[in-house]
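Trainee: can't give you the sequence, but here's the structure:
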Ligand SMILES: Cc1cc2nc3c(=O)[nH]c(=O)nc-3n(C[C@H](O)[C@H](O)[C@H](O)COP(=O)(O)OP(=O)(O)OC[C@H]3O[C@@H](n4cnc5c(N)ncnc54)[C@H](O)[C@@H]3O)c2cc1C
Ligand code: SF4
């Protein structure tokens, strides 16, 4: 699985960071980015799905399943 | 064995965020049985937060708020019926009747009928707007576009929706006055201290905010509207919006025998008994956050979403699920700033500012009761807020919070 935060949609709720700090980082304005190249390690896939389902702006895109 | 088997069927009454998110989660997690989604509105499921923000400020067209496209509904094999208003539920036979006289039955029923804008009875009620639905916002924008000139807008109610609508309309160049009944907006939610910190924001955004205002009536004359005040004065306006909170849509269940108390009463598993559940704005649920136990209704996006995720997992799990545990969250974009809150503090809880200051209009504060953290609130500090989330989830003591300083 590979994910990306859509910077146009992200509104800085930092929900993704709260759920999976291993996968996301958030700057002081709340703008979120994925760590590294966005490839989700197998053991973090559940967390990634949770983050996707909890982003109020639908800002986390799945590039590859 | 899980509660929901492929041979089972489920009716979701209410096609808002909670209902749609439940349907999505059930399919995602493998439920292949029949799903019927009934919605009173004529649109497919859409998201409400953008209505008062991006849509009203015309940054987005309204179709961007859509949650479920026709393709997506088809892909998920959901039988979605728009403009179908449920009028009753038989708790024993699981029969849902609609205003058009149809009857639907399923093994499982989920009530997700949300809430509606509270209205007040004015002489000119038909000219007064609310901001709750797709149609509300289309009507409002339509009226504004009739004349291409700045308008005098009066907003009755300075809560979240009122403040957001004010902000959006001010960015379009309209002259906006917000009339708040309490001394300061949101005092009943954020408490008196935080309400004071937020007070200056409206003026910074060129919005006139007046506290302790009593509105007696709104009347119409040939050309404009007039808001009549308790002190005998009046305010002229070409557009009036009333934003005085929401009421749960549970009247249709009055004859059902379910327990209704300003919402559908459910337990800490969101169950109303007999394979009937309620989620989102309409649910009056039990929330345990030791040592506090509260029965409450929360009208926020994250709660609707959390309820939907929790219920889907519970229905599809082979094991009995633990009681609902969540850290409530909401945000509001108003007067050009983002306010975010975690937890569900009482307005009487003690407040300690731990980062930034009200003068900088950038701060993070802790709410506490009996020395235990009950919530966090931040203005323009999203990262620090989320870093501190566990303080609320784990019911930390204030002492511990100040020692750990997770926000740094
Ligand atoms: C303008 C606006 C801005 C908001 N901004 C924020 C924000 O910034 N942050 C935040 O946290 N929250 C915000 N919210 C709150 C958030 O949108 C709600 O908590 C959320 O929509 C609740 O979802 P729900 O599905 O429970 O209810 P609803 O969204 O109310 O959906 C319920 C649906 O059920 C339908 N229905 C009702 N009765 C029946 C019936 N008898 N039969 C069939 N269908 C029925 C309704 O038509 C509706 O479509 C905002 C709300 C509004 C209105
Ligand atoms: S939850 Fe969504 S909107 Fe919020 S920071 Fe993460 S990606 Fe952005």
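Mentor: Received it, and whenever you're ready, just let me know what you need. Given the structure is predicted, the values throughout are model-derived calculations rather than measurements. Ligands and ions are numbered 1, 2, ... in the order given.
Trainee: which bits of the stretch 151-300 of chain B sit near ligand 1?
Mentor: Applying CB under 6 Å from any ligand atom, we find that the stretch 151-300 of chain B lies next to ligand 1 at B:161, B:249, B:252, B:280-281, B:299-300. Where C-beta positions appear, they are placed from N, C-alpha and C, glycine not excepted.
Trainee: Please produce a markdown table containing those residues, extended by neighbour count, secondary structure and pLDDT.
Mentor: Converted to a markdown table, those look like this (neighbours: other CB atoms under 10 Å in any protein chain shown; DSSP: H, G, I helix; E, B strand; the rest coil; pLDDT from 0 to 100):
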| residue | neighbour count | secondary structure | pLDDT |
| --- | --- | --- | --- |
| B:161 | 26 | helix | 97 |
| B:249 | 23 | coil | 98 |
| B:252 | 20 | helix | 98 |
| B:280 | 33 | helix | 98 |
| B:281 | 28 | helix | 98 |
| B:299 | 18 | coil | 96 |
| B:300 | 20 | coil | 95 |
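Trainee: I'd like to know which of those residues is nearest to residue B:233.
Mentor: Using CB to CB, residue B:161 is the member of these that lies nearest residue B:233, at 25.1 Å.
Trainee: can I get the residues of the stretch 151-300 of chain B next to ligand 1 in CSV with distance to ligand 2?
Mentor: Output for these, formatted as CSV (distance: CB to the nearest ligand atom, whole Å):
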residue, distance to ligand 2
B:161, 20
B:249, 28
B:252, 34
B:280, 19
B:281, 21
B:299, 20
B:300, 15
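Trainee: any weak-confidence spans in the chain?
Mentor: Answering for chain A, as no chain was given. Nowhere does chain A drop to pLDDT under 70.
Trainee: that answer is for a different chain, and I need it for chain B
Mentor: In chain B, residues with pLDDT under 70: B:1-2.
Trainee: any chance you could map the helices in it?
Mentor: B:17-28, B:49-50, B:70-75, B:134-145, B:160-171, B:187-198, B:201-204, B:301-316, B:382-387, B:389-393, B:398-404 (DSSP state H).
Trainee: Let me have these in TSV, extended by distance to chain A.
Mentor: Output for the helices of chain B, formatted as TSV (distance: least, CB to the nearest CB, whole Å):
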stretch	distance to chain A
helix B:17-28	7
helix B:49-50	7
helix B:70-75	12
helix B:134-145	18
helix B:160-171	13
helix B:187-198	18
helix B:201-204	17
helix B:301-316	5
helix B:382-387	3
helix B:389-393	5
helix B:398-404	16
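Trainee: In chain A, which residue sits closest to chain B?
Mentor: Nearest residue of chain A to chain B: residue A:30, at 3.2 Å (CB to the nearest CB).
Trainee: ok, that residue - how many residues close by?
Mentor: 23 (other CB atoms under 10 Å in any protein chain shown).
Trainee: How about residue B:100?
Mentor: Neighbour tally, residue B:100, other CB under 10 Å: 10.
Trainee: cool, residue B:342 as well?
Mentor: Neighbours of residue B:342 using other CB under 10 Å come to 25.
Trainee: Pretty sure it sits against residue B:331.
Mentor: No. Counting by CB atoms under 8 Å, residue B:342 does not reach residue B:331; the two are 10.1 Å apart.
Trainee: How far away from the center of its chain is whichever helix or strand residue A:25 is part of?
Mentor: Counting by DSSP states H and E, the element that carries residue A:25 is strand A:24-26. Offset of strand A:24-26 from its chain centre (CA atoms, centre = their mean, to the nearest Å): 7 Å.
Trainee: Strand partners (parallel or antiparallel) of the helix or strand just after that strand?
Mentor: Next helix or strand after strand A:24-26 toward the C-terminus (DSSP H and E): strand A:32-34. Using DSSP bridges, the strands paired with strand A:32-34 are strand A:24-26 (antiparallel).
Trainee: Name the residues of chain A found near ligand 2, please.
Mentor: Residues of chain A lying near ligand 2 (CB under 6 Å from any ligand atom): A:5, A:10-16, A:26, A:30, A:32, A:55, A:57, A:59-60.
Trainee: Can you name the two of those that sit furthest apart?
Mentor: For the residues of chain A next to ligand 2, the farthest-apart pair by CB to CB is A:30 and A:60; their separation is 14.1 Å.
Trainee: just to revisit the earlier point, could you measure from the residue of chain A closest to chain B over to residue B:111?
Mentor: 34 Å (CB to CB, to the nearest Å).
Trainee: what residues does stretch B:50-68 touch?
Mentor: Outside stretch B:50-68, the residues that touch it by CB atoms under 8 Å, 6 or more residues apart in numbering or on different chains are B:17, B:20, B:43-48, B:80, B:131-134, B:136-138, B:140-141, B:161, B:164-165, B:167-169, B:171-172, B:333.
Trainee: Please repeat the previous calculation with a cut-off of 7 Å.
Mentor: Stretch B:50-68 is contacted from outside by B:17, B:20, B:44-47, B:131, B:134, B:137-138, B:161, B:164-165, B:168-169, B:171-172, B:333, using CB atoms under 7 Å, 6 or more residues apart in numbering or on different chains.
Trainee: Please see if that stretch touches ligand 2.
Mentor: No. Using CB under 6 Å from any ligand atom, stretch B:50-68 stays clear of ligand 2, coming no nearer than 12.6 Å.
Trainee: what's near enough to touch whichever residue of chain B sits closest to ligand 2?
Mentor: Per CB to the nearest ligand atom, residue B:382 is where chain B lies closest to ligand 2, at 7.3 Å. Residues near residue B:382 by CB under 7 Å, 6+ apart: A:12-14, A:26, A:30, B:338, B:340.
Trainee: hmm, back to that, contacting residues for the residue of chain A closest to chain B?
Mentor: A:12-14, B:382-383.
Trainee: which of those residues tops the neighbour count?
Mentor: Result: residue A:14 is most packed of the contacts of residue A:30 (other CB under 10 Å), 29 neighbours.
Trainee: just to revisit the earlier point, which ChimeraX command selects the buried ones in the contacts of stretch B:50-68?
Mentor: Buried subset of the contacts of stretch B:50-68, written as a ChimeraX selection, criterion 16 or more other CB atoms under 10 Å in any protein chain shown:
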select /B:17,20,44,45,46,47,131,134,137,161,164,165,168,169,171,333
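Trainee: Quick one: end-to-end length of stretch B:262-280, please.
Mentor: Taking CA to CA, to the nearest Å, stretch B:262-280 runs 13 Å from one end to the other.
Trainee: now it, how far from the centre of its chain.
Mentor: 18 Å.
Trainee: Please point out which parts of that stretch sit buried.
Mentor: The neighbour-count check on stretch B:262-280 (16+ other CB under 10 Å) flags B:263-266, B:269-272, B:275-280 as buried.
Trainee: I'd guessed residue B:182 sits against residue B:209; true?
Mentor: No. Taking contacts as CB atoms under 7 Å, residue B:182 lies outside contact range of residue B:209: 11.6 Å.
Trainee: Of those two, which one has the most company?
Mentor: residue B:209 (25 against 16).
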